[in-house]
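Engineer: Sequence first, predicted coordinates after that:
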Amino acid sequence: MKYVLLFVGTMEDQKRFENLPPEQLAAGMKAAEQWFEEYSRSGKIVGGEQLKGPETATTVRFSEGRAIVTDGPFIESKEIIGGFAVVQVKDLDEALEMAKAWPAGPVEVWPAVER
């Protein structure tokens, strides 16, 4: 089964992350890289990316049949998405085990529609 793991946090989490001392930032990034390496080697991660900060996002909304483009990531959300991984695993339990091993905060686990 295919799942998308969304690595989420709040704006406050993002600010704390951006203001970490360099050695703590490096240690956190190393832990995340190791997580990705471990699961990529095992063939469970089939895609994914780290996303740039929320200030770089653009939102497209629709009103009366017209697209409205605005700066910012928010579609009425208190959390931001820092990145994602697309994983191919046998079941939800395996996807949850991967999410529990993530070293850097909350993870949403979404089943993907497989075609």
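Structural biologist: Sure thing, it's come through.

Engineer: hey, let's count contacts and neighbours off CA atoms from now on
Structural biologist: OK.

Engineer: C-terminal to the strand or helix carrying Thr59, what's the next element?
Structural biologist: Under the criterion of DSSP states H and E, Thr59 resides in strand 58-63. Once the chain leaves strand 58-63, the next helix or strand it forms, by DSSP H and E, is strand 66-71.

Engineer: tell me which strands and helices that next one is in contact with?
Structural biologist: strand 58-63 (3 or more Cα pairs under 8 Å, 6 or more residues apart in numbering; DSSP states H and E).

Engineer: Output the contacting helices and strands for the strand it packs on.
Structural biologist: By 3+ Cα pairs under 8 Å, 6+ apart, strand 58-63 packs against strand 66-71.

Engineer: Now do the strand holding Thr59 against strand 66-71: the angle between them, please.
Structural biologist: With axes from the mean of the first three to the mean of the last three Cα atoms, to 10 degrees applied, the angle from strand 58-63 to strand 66-71 works out at 150 degrees.

Engineer: quick one: Gln34 from Ala27, how far?
Structural biologist: 11 Å (Cα to Cα, to the nearest Å).
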